[in-house]
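> any chance you can model this:
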Amino acid sequence: MLTNDTLAEWDRENFFHPSTHLAAHARGDTPTRIITGGKGVWIEDRDGKKMLDAFAGLYCVNVGYGRTSIADAISEQAHKLAYYHAYMGHGTEASVTLSKMVLDRAPSNMSKVYFGLGGSDANETNIKLVWYYHNILGKPEKKKIISRQRGYHGSGLMTGSLTGLGLFHKKFDLPLAQVTHTEAPYYLHRHDPDMSETEFSAWCAQQLEKMILAEGPETVAAFVAEPMLGTGGIVPPPEGYWAAIQEVLRRYNILLVCDEVVTGFGRLGTMFGADHYGIEADLITIAKGLTSAYAPLSGSIVSDRMWQVLARGTDENGAFGHGWTYSAHPIGAAAAIANLKLIDELGLVENAGQTGAFMRVKLQEALSSHPNVADIRGEGLLCAVELAETRQPLKSFDPAGGVVASVVSAMGQRGVIARAMPQSDTIGFAPPLCISREEVETVVETTRAAIQEVLG
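Residues are numbered from 1 along each chain as shown. Below is the predicted model:
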């Protein structure tokens, strides 16, 4: 029996939930789920139900729940110095130390890191940095940003525009005029089924080049992309994709913003997705795995070539006019330091690579023969099962049927949390990087049983 019904009532009457059907929740048509605790890959709700969180919150609790070393670091920092700002050269021991720790782990061409609070504000910062950079170089016409269909980069005004999912645009007057979207590297849904992965990658690069030429290369400032699509379907890039894309960007002197909010700090089995796919970025966006969500913190890692221009800009124009009150918040920085130490101590980057590979093998063994399983894909501990009404030819389900939502709900009834990816027929998995092989087998068997229940 549910307890504390007053809390559920307060929730419906007072709490404006993000990414929620507002009317249905306020009416009580959808359940209120109040989480009270967690340990490792497991969470517990107020009724004592334990669930294996195979999506790590929102791809973010990388080290798992209940890590006392991070909690202790937060407490110690709060008792010592809960806050001081980072404006005008001020810092704290935590923010300065964390800056070095991040750069020590980042690709070698990166130079400095600016800290914010969440991935959305980090990408807002990135666009301002891109525009400032081109203005200092005397190219004020370079303002347009190209992102990708199905990409996810946040839900602010600019970042929601960068996001290539209609759900984040509809009725919000987005995207803004400066943003256009090129082809998603979604090999399963390629327009020509006879294309190889390499051919499809070349075609994606050709589509990008056509867009740049149509917009005018002199007006295009940057290309913004995740190393692999996350919220847009958990889709690894096809073979040769990043080499082909970067060749086009270099040809037209277009900056590359690599959004590693999901992939950063180990999720792909490497510290960064840029390392994994050979990406040389001008800016790298970080958040989620930076603190494993124990405290809010994000960052924009700036390449050396960009930093030299930004610094020159302040010599010419005075102080850099951008900042947040909570930039480099010392509590968030302390949490991040403890989190990065834990990632190293527990070997979680290596575990993500090895256990992620094991998970894909087990999913293949359990599901590949099912007539409604169209694709099983991923990299590290970021993987997906895509369903379809038919596999040959590929035909998606009618969205009104809510097939994937039904499968994920059936999994929840069995004690495993996965995600029905938005605008997709895809079940998404992104468990904490500490997940064991035994726990992976629980996730796989639950997925198999739920698909069998819903689709037969």
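> hey, where'd the helices end up in the stretch 351-456 of the chain?
In the stretch 351-456 of the chain, the helices defined using DSSP state H, counting those that start in this stretch lie at 403-413, 437-455.
> what sits up against the longest one?
Around helix 437-455, the neighbours that count as contacts under CB atoms under 8 Å, 6 or more residues apart in numbering are 41, 52, 54, 355, 358-359, 362-363, 366-367, 370, 372-373, 385, 387, 403, 406-408, 410-411, 414-416, 418, 427, 429, 431, 435. From N, CA and C alone the C-beta is placed, and that goes for glycine too.
> repeat that for 6 Å
41, 54, 358-359, 362-363, 366, 372, 406-407, 410-411, 414, 416 (CB atoms under 6 Å, 6 or more residues apart in numbering).
> over to the shortest one?
Contacts to helix 403-413, defined as CB under 6 Å, 6+ apart, come from residues 397, 418, 420, 425, 427, 446, 450-451, 453-454.
> again, only this time at 8 Å
Contacts of helix 403-413 with the rest of the structure, by CB under 8 Å, 6+ apart, involve 51, 387, 397, 417-421, 424-427, 446-447, 449-451, 453-455.
> returning to what we had before: now the helices of the stretch 351-456 of the chain as a markdown table including mean neighbour count, distance to residue 272 and mean pLDDT?
What follows is the helices of the stretch 351-456 of the chain, written out as a markdown table (neighbours: other CB atoms under 10 Å; distance: least, CB to CB, whole Å; pLDDT from 0 to 100):
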| stretch | mean neighbour count | distance to residue 272 | mean pLDDT |
| --- | --- | --- | --- |
| helix 403-413 | 19 | 29 | 96 |
| helix 437-455 | 18 | 24 | 98 |
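> where in this protein is pLDDT low?
Applying pLDDT under 70 to the chain picks out residues 1-4.
> domain assignment for it?
What the record gives for the chain is the domain set 33-63+347-455, 69-345, from automatic domain parsing.
> for those domains, which one sits closest to residue 15?
For those, the distance to residue 15 is smallest for domain 33-63+347-455, at 10.3 Å, taking CB to CB.
> so how far is that closest one off the chain centroid?
A distance of 16 Å separates the centroid of the chain from that of domain 33-63+347-455, by CA atoms, centre = their mean, to the nearest Å.
> how about stretch 6-26?
With CA atoms, centre = their mean, you get 25 Å for stretch 6-26.
> please identify the buried residues of that stretch?
Residues 8, 11, 25-26 are the ones in stretch 6-26 that count as buried (16 or more other CB atoms under 10 Å).
> and what of stretch 149-168?
For stretch 149-168, burial by neighbour count (16+ other CB under 10 Å) applies to 149-156, 158-165, 168.
> pull the contacting residues for the residue lying closest to residue 179 once chain neighbours are set aside.
Closest residue to residue 179 apart from its sequence neighbours, by CB to CB, 6 or more residues apart in numbering: residue 161 at 4.2 Å. Counting by CB under 8 Å, 6+ apart, residue 161 touches 169, 174-176, 178-179.
> closest to residue 33 out of the residues you listed?
Nearest to residue 33 among those, counting by CB to CB, is residue 169 at 27.7 Å.
> pretty sure the closest one contacts residue 181?
No. With contact defined as CB atoms under 8 Å, residue 169 does not count as touching residue 181 (10.2 Å).
> what about the strands in the stretch 151-300 of the chain?
179-182, 220-225, 255-259, 283-286, 298-303 (DSSP state E, counting those that start in this stretch).
> helices or strands next to the third one in the packing?
Same thing as strand 255-259. Helices and strands touching strand 255-259, by 3 or more CB pairs under 8 Å, 6 or more residues apart in numbering; DSSP states H and E, are helix 119-136, strand 220-225, helix 241-251, strand 283-286.
> same for whichever strand or helix holds residue 25, what does it pack against?
Using DSSP states H and E, residue 25 sits in helix 22-27. Contact here means 3+ CB pairs under 8 Å, 6+ apart; on that basis helix 22-27 packs against helix 5-14.
> may I have the helix it packs on as PDB, with CA atoms only?
Included here for helix 5-14 are C-alpha records, laid out as PDB according to Å, rounded to 0.1, in the frame of the first residue of the first chain:
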ATOM      1  CA  ASP A   5      -0.300  10.200   0.300                       C
ATOM      2  CA  THR A   6      -0.100  13.800   1.500                       C
ATOM      3  CA  LEU A   7       3.300  14.100  -0.300                       C
ATOM      4  CA  ALA A   8       1.800  12.800  -3.500                       C
ATOM      5  CA  GLU A   9      -1.000  15.300  -3.200                       C
ATOM      6  CA  TRP A  10       1.500  18.100  -2.700                       C
ATOM      7  CA  ASP A  11       3.400  16.900  -5.700                       C
ATOM      8  CA  ARG A  12       0.400  17.100  -8.000                       C
ATOM      9  CA  GLU A  13      -0.700  20.500  -6.600                       C
ATOM     10  CA  ASN A  14       2.700  22.300  -6.400                       C
END
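> identify all contacting residues around it.
Against helix 5-14 from outside (CB under 8 Å, 6+ apart): 2, 25-28, 32, 34, 46.
> circling back to that earlier point, among the contacts of helix 437-455, which one has the most neighbours?
Neighbour counts for the contacts of helix 437-455 (other CB atoms under 10 Å) peak at residue 54, which has 28 neighbours.
> roughly how far apart are residue 402 and residue 27?
Distance of residue 402 to residue 27, computed by CB to CB, to the nearest Å: 18 Å.
> so for those two, which sits in the more crowded spot?
Per other CB under 10 Å, whichever of residue 402 and residue 27 has more neighbours is residue 402, with 14 against 10.
> could you list every residue that touches that one?
For residue 402, counting by CB under 8 Å, 6+ apart, there are no contacting residues.
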